[in-house]
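> show me the folded form of this:
(one chain, ligands or ions: 2)
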Amino acid sequence: MKEENRDMPDKQRIGILGAGTWGMALARMLANCDKEVTVWSALPQEVEQLSTTHIHPKLPGVDFPETIRYTTDIEEACTNQNIIMFAVPSVFVRSTAEKAKPYIKDNQIIVDVAKGIEADTFMTLTEVIEDVLDNDTLHLVALSGPTHAEEVARGLPTAIVSACKNLDAAKYVQKFFSSPFMRVYTNNDVKGIEICGALKNIIALAAGISGGLGYGDNARAALITRGLAEMERLGGRIGCTPHTFSGLTGMGDLIVTCTSEFSRNNQAGHLIGEGKTPAEAVKEVGMVVEGINALPAAVQLAETYKVDMPIVMTVNKIVNEGLNPKDAVNALLQRDLKSETPLPSINDVFEESVLRKTRKSGMKRVITYGTFDLLHYGHINLLRRAKELGDYLIVGLSTDEFNWNEKQKKCYFTYEQRKQLLESVRYVDLVIPECAWDQKRKDVHEYHVDTFVMGDDWKGQFDFLEEEGAEVVYLPRTPEISTTRIKKDLNK
Ligand SMILES: NC(=O)C1=CN([C@@H]2O[C@H](COP(=O)(O)OP(=O)(O)OC[C@H]3O[C@@H](n4cnc5c(N)ncnc54)[C@H](O)[C@@H]3O)[C@@H](O)[C@H]2O)C=CC1
Ligand SMILES: O=C(CO)COP(=O)(O)O
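Ligands and ions are numbered 1, 2, ... in the order given. Take a look at the predicted model:
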């Protein structure tokens, strides 16, 4: 981060995009901390009302400093600012970024405080902004935590997290937003922070629905705890840091949203539990209910990553498929009995920590696929050369079902036996199941693969993986040996 861009001669300045309750609560806090605050809104009547009354209709009893400037001109809000902050509801983040794009300078710090995941792209909101602005010099920060606008606007103690891959930018935002009543922490797990922010809203809908049905604190505590387990499971598969989920943006925000009378998601859920339709509930709340917006992406992510998320799925059935809330809760309770998540083994922890590292992290990951039945020196030659292309070798091992259904091939050794053999080869770091031809594209992303390796009998057939960012290498096979040959020779 170039420090000189932050050295502005006068007061520190911020342009806030969005004049809802959260944008305005932060505008008030920052203006009271002597920051120069400009608030942009897409709605001219909102700008008119705020600049004449200095009152926000959804934050009654809160007065806003007259120093705050209001505008409908996004160029004015984005020009010459230390920070530009996105505070519009998630569905408007992309269109607002498109409007702001011409006025964003290099090295700009951009903070997002909205919580959600875009429905069609499954991008988190800093990813959406990054996608639109398409400028490598920008610093994108997610600012998130258990922070109801109604309390921040009244100066009540609050803690929040400034998350950015660039520590200097995270610290800059930490300092900028620290106030006598707001304590700001840093974190570099941006994806984890944003996944937490989006998913906790869905769990809060569930908590509200439960309350609306007349269920008590026990049910709410169960939903919070099991909801957190669902968030952690998905986060773990995506590669987020486990600790994030027990932090302010995970457990903290989940607690506040599932228990507070101020929560829009909790309120909407309550109304749905009492029998209102989701549309009626959203209308009655009168502010954005992000849990509903986040449902399509959450469901898709759970299905794509094959993560069990029963609470999220149940809320989706109620909100989007018209399932009766009472029946839905009964179905949730009647599921197969199981244990609470077991502690991962030391090996799992190690694998997780390796696989979480993204490409360009310095560790080069290689993947290869095959059946590896009757493991022989030709296999070992291939595995050794594959490992030499990087630091960490993953083997996608064809399952017995896949071999039988797709290749009409029956192995001598079972999948578990073949897996055990491969795991004892010193070149192999991880064995994963290969269950379908088309999983390779997904694996390349999920395991942050740099190099895809196959024997040269497959030459040309996997070149399409280069589009996914992996280098594709075909290694010459050891000519005189193969499993088929061994079987044939033994049958002589
Ligand atoms: N309210 C809260 O306590 C907190 C909210 N958040 C997040 O902040 C985001 C905003 O939430 P709120 O301020 O509560 O929402 P809100 O419902 O109060 O925001 C409505 C605002 O959206 C803006 N808007 C309306 N139509 C627009 C358009 N076409 N284009 C651009 N902007 C438009 C307007 O300024 C309007 O006032 C959400 O993602 C929410 O999850 C995060 C933390 C706390
Ligand atoms: O994110 C929030 C509090 O941290 C706001 O949650 P609600 O949108 O449910 O009010």
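> list the buried residues in stretch 386-406.
386-387, 389-390, 392-400, 402-403 (16 or more other CB atoms under 10 Å). Bear in mind the C-beta positions are built from the backbone N, C-alpha and C, glycine included.
> among the residues you listed, name the ones in helices.
Secondary structure from DSSP state H places 386-387, 400, 402-403 of the buried residues of stretch 386-406 in helices.
> farthest pair in these?
387 and 400 (25.5 Å; CB to CB).
> interface residues of the protein facing ligand 2?
Taking CB under 6 Å from any ligand atom as the contact definition, the chain meets ligand 2 at 115, 146-148, 201, 204, 253, 256-257, 262-266, 290.
> restrict those to the buried ones and give me that as a PyMOL selection.
The PyMOL command for the buried members of the residues of the chain next to ligand 2 (criterion: 16+ other CB under 10 Å) is given here:
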select buried, resi 115+146+147+148+201+204+253+256+257+263+264+265+266+290
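> ok, the residue most central in space within the chain to ligand 1 distance?
Taking CA atoms, centre = their mean, the centroid of the chain lies closest to residue 195, which sits 3.3 Å from it. Distance from residue 195 to ligand 1, counting by CB to the nearest ligand atom, to the nearest Å: 14 Å.
> the lowest-mean-pLDDT helix or strand in the chain: what's the following helix or strand?
The weakest-scoring helix or strand in the chain, judged by mean pLDDT, DSSP states H and E, is helix 346-356 (a mean of 68). Counting by DSSP states H and E, the next helix or strand C-terminal to helix 346-356 is strand 365-370.
> which residues sit against that next one?
359, 379, 382-383, 386-387, 389-398, 434, 440, 443-444, 447-455, 470 (CB atoms under 8 Å, 6 or more residues apart in numbering).
> tell me how far the residue in the chain positioned nearest to ligand 1 lies from residue 88.
Closest approach between the chain and ligand 1, counting by CB to the nearest ligand atom: residue 20, at 2.1 Å. Counting by CB to CB, to the nearest Å, the gap between residue 20 and residue 88 amounts to 7 Å.
> looking at these two, which has the bigger crowd around it?
residue 88 (26 against 20; other CB atoms under 10 Å).
> apart from its chain neighbours, what residue comes closest to the more buried one?
Nearest residue to residue 88, sequence neighbours excluded (CB to CB, 6 or more residues apart in numbering): residue 18, at 3.7 Å.
> show the backbone phi and psi for that neighbour.
phi 120, psi 130 (degrees, to the nearest 10).
> ok, it touching residue 40?
Yes - here residue 18 reaches residue 40: they are 7.5 Å apart, a contact under CB atoms under 8 Å.
> what's the first-to-last distance across stretch 62-77?
Across stretch 62-77, the terminal residues are separated by 23 Å (CA to CA, to the nearest Å).
> quick one: distance of that stretch to the chain centre.
31 Å (CA atoms, centre = their mean, to the nearest Å).
> which residues in the stretch 151-300 of the chain form helices?
167-177, 190-212, 217-238, 242-245, 253-259, 264-273, 278-285, 290-304 (DSSP state H, counting those that start in this stretch).
> typo on my end, the stretch 351-492 of the chain
For the stretch 351-492 of the chain, applying DSSP H, counting those that start in this stretch gives helices covering 377-388, 400-407, 415-423, 440-446, 483-491.
> can you tell me which of those helices the model trusts least?
Lowest mean pLDDT of the helices of the stretch 351-492 of the chain: helix 400-407, a mean of 85.
> number of residues surrounding residue 255?
Around residue 255 there are 17 residues (other CB under 10 Å).
> let me redo that: residue 302
21.
> what's the spacing between it and ligand 2?
For residue 302 relative to ligand 2 (CB to the nearest ligand atom), the value is 21 Å.
> what residues are up against that residue?
Neighbours of residue 302 in contact, by CB under 8 Å, 6+ apart: 234, 308-309, 312-313.
> same deal with residue 184?
159-162, 173-175, 177-178.
> now do the same contact list for the nearest residue to it once chain neighbours are set aside.
Leaving aside its chain neighbours, residue 184 sits nearest to residue 174 (4.4 Å; criterion: CB to CB, 6+ apart). Applying CB under 8 Å, 6+ apart to residue 174 gives the contacts 162, 184-186.
> one step back: could I get the helices of the stretch 151-300 of the chain as a markdown table with mean pLDDT?
A markdown table is the format used below for the helices of the stretch 151-300 of the chain (pLDDT from 0 to 100):
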| stretch | mean pLDDT |
| --- | --- |
| helix 167-177 | 96 |
| helix 190-212 | 97 |
| helix 217-238 | 94 |
| helix 242-245 | 91 |
| helix 253-259 | 98 |
| helix 264-273 | 98 |
| helix 278-285 | 98 |
| helix 290-304 | 97 |
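> can you give me the neighbour number for the nearest residue to residue 160 once chain neighbours are set aside?
The spatially closest residue to residue 160, leaving aside those adjacent along the chain, is residue 145, at 3.7 Å (CB to CB, 6+ apart). Residues lying near residue 145 (other CB under 10 Å) number 26.
> let me see the contact set for residue 145.
Residue 145 sits in contact with 158-161, 248-249, 252-253, where contact means CB under 8 Å, 6+ apart.
> same check, this time on residue 29
Applying CB under 8 Å, 6+ apart, the residues contacting residue 29 are 152-153, 155, 177, 179, 181-182.
> buried subset of the residues you listed as a PyMOL selection?
In PyMOL, this line selects whichever of those come out buried by 16+ other CB under 10 Å:
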select buried, resi 152+153+155+177+179+182
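> intersect the contacts of residue 29 with the contacts of ligand 1.
Counting by CB under 6 Å from any ligand atom, no member of these reaches ligand 1.
> so which of the contacts of residue 29 comes closest to residue 414?
The closest of those to residue 414 turns out to be residue 177 (CB to CB; 56.6 Å).
> shouldn't the closest one be in contact with residue 30?
Yes - here residue 177 lies in contact with residue 30, judged by CB under 8 Å, at a distance of 7.4 Å.
> pLDDT value on residue 337, please?
For residue 337, the predicted pLDDT is 85.
> what's the neighbour count on it?
So residue 337, with other CB under 10 Å, has 5 neighbours.
> need the three-state assignment for it.
coil (DSSP: H, G, I helix; E, B strand; the rest coil).
> list the contacts of whichever residue of the stretch 51-200 of the chain sits closest to ligand 2.
The minimum distance from the stretch 51-200 of the chain to ligand 2, using CB to the nearest ligand atom, falls at residue 147 (4.5 Å). Residue 147 sits next to 22, 158, 160, 253, 256 when contact means CB under 8 Å, 6+ apart.
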